[in-house]
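Engineer: Need the 3D shape of this:
(one chain, ligands or ions: 1)
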Amino acid sequence: MTVSSTPSIIAIDGPAASGKSTLGHRLALELDYLFFDTGTMYRVITLLAIEKGLDLHDEAAVTRLAQQTELDIRPATVNDGRTCDVLVEGRDVTWEIRRRKVDANVSMIAAYAGVREALKHQQHRIGMRGRVVMVGRDIGTVILPEADLKIYLDASAEERARRRSAEIKARNGQANYDEILEKVIERDLIDSTREVAPLKRAEDAVVINTDQQSADEVFEQILNLCK
Ligand code: CDP
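Structural biologist: Numbers count the residues shown, from 1 in each chain. Next up is the predicted model:
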């Protein structure tokens with residue numbers, strides 16, 4: 001009998017702009033796995049809450065919205081730099097969820113216990129199907145503690161802010177490094193100090209600090225871990 005040694009459930013966690021999505025997507029393509037970026041879910045709820053004019057501090061109202069929202073994440077159908085299509089009620093919100101207003105509020109919304117509870121089961125169910133690279137903040141610790149391979153991607157806040165600026169400029173957007181750095185630090189603080197499922201590395205996660213490494217080098221390292 002041959003037993004495949006490639007891990008089936010791969011969890012990648014780490015702080016904002018640590019390269020999780022880029023690397024996770026590349027890994028999923030390489031292995032022919034599903035790429036599932038859980039951050040998109042929190043972003044969709046944040047976008048809808050803003051659009052509907054909800055008071056973002058009203059946890060009960062935002063939780064109800066999360067419970068009622070049907071969102072879908074599918075393989076990319078448009079070749080514009082996206083890693084997947086994000087759809088809500090049939091509408092493509094892939095780029096809208098990257099807006100600055102969403103960035104500024106998503107961590108507050110993601111800290112609500114009810115919102116996390118509403119999305120948790122969906123994330124767990126998809127992850128447990130296997131052949132998946134799942135990316136987020138609490139995948140290895142809370143959503144899929146049974147993951148076969150857990151990676152915690154880290155980098156200094158300055159390096160992450162530099163990368164995020166470059167990413168925004170590449171999409172022809174306006175990027176202010178100082179402002180981005182401030183927001184990255186603020187988001188990390190909220191994510192790592194919240195009560196429910198805070199950002200932290202799982203005890204059995206492999207930590208990769210990407211400060212001094214190119215995306216290619218990190219990718220090779222992760223690929224080696226999969227073999
Ligand atoms: O791409 P970036 O790292 O900037 O953020 P993201 O992965 O799109 O996640 C956006 C926000 O959603 C994070 O700052 C967290 O507050 C939240 N999030 C979370 O709480 N748990 C996850 N599993 C994924 C994201």
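Engineer: what about residue 68, how many neighbours?
Structural biologist: 9 (other CB atoms under 10 Å). C-betas here are computed from N, CA, C, even on glycine.
Engineer: Phi first, then psi, for it.
Structural biologist: Dihedral angles of residue 68 (phi, psi; degrees, to the nearest 10) stand at phi -90, psi -20.
Engineer: what's the burial count for residue 203?
Structural biologist: Every residue meeting other CB under 10 Å relative to residue 203 is counted, giving 9.
Engineer: For the lowest-mean-pLDDT helix or strand in the chain, which strands pair with it and how are they oriented?
Structural biologist: Among the helical and strand segments of the chain, the one scoring lowest on mean pLDDT, DSSP states H and E is strand 71-75, with a mean of 86. Paired neighbours of strand 71-75 in the sheet (DSSP bridges): strand 84-88 (antiparallel).
Engineer: Could you give the separation of the partner strand from the chain centroid?
Structural biologist: Here the centre of strand 84-88 is set off from its chain's centre by 14 Å, with CA atoms, centre = their mean, to the nearest Å.
Engineer: now swap in stretch 12-24 and tell me
Structural biologist: 7 Å.
Engineer: what about it and the ligand, any contact?
Structural biologist: Yes: counting by CB under 6 Å from any ligand atom, the ligand has neighbours in stretch 12-24: 16, 17, 21.
Engineer: gap between the two ends of that stretch?
Structural biologist: 7 Å (CA to CA, to the nearest Å).
Engineer: Any stretches of this structure with poor pLDDT?
Structural biologist: 1-4 (pLDDT under 70).
Engineer: which residues of it fall in strands?
Structural biologist: 9-13, 34-37, 71-75, 84-88, 91-92, 132-136, 149-154, 206-209 (DSSP state E).
Engineer: Need those strands in TSV (columns: mean neighbour count and distance to residue 109).
Structural biologist: Rendered in TSV, the data for these read as follows (neighbours: other CB atoms under 10 Å; distance: least, CB to CB, whole Å):
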stretch	mean neighbour count	distance to residue 109
strand 9-13	27	19
strand 34-37	21	16
strand 71-75	14	14
strand 84-88	19	15
strand 91-92	11	19
strand 132-136	27	14
strand 149-154	23	23
strand 206-209	16	27
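Engineer: For those, give me JSON lines that also has distance to residue 172.
Structural biologist: Listed next are the strands of the chain as JSON lines, based on distance: least, CB to CB, whole Å:
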{"stretch": "strand 9-13", "distance to residue 172": "28"}
{"stretch": "strand 34-37", "distance to residue 172": "22"}
{"stretch": "strand 71-75", "distance to residue 172": "24"}
{"stretch": "strand 84-88", "distance to residue 172": "20"}
{"stretch": "strand 91-92", "distance to residue 172": "19"}
{"stretch": "strand 132-136", "distance to residue 172": "25"}
{"stretch": "strand 149-154", "distance to residue 172": "26"}
{"stretch": "strand 206-209", "distance to residue 172": "30"}
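Engineer: quick one: which of the ones you listed is nearest residue 199?
Structural biologist: strand 9-13 (7.0 Å; CB to CB).
Engineer: In its sheet, which strands sit next to the closest one, and in what direction?
Structural biologist: strand 132-136 (parallel), strand 149-154 (parallel).
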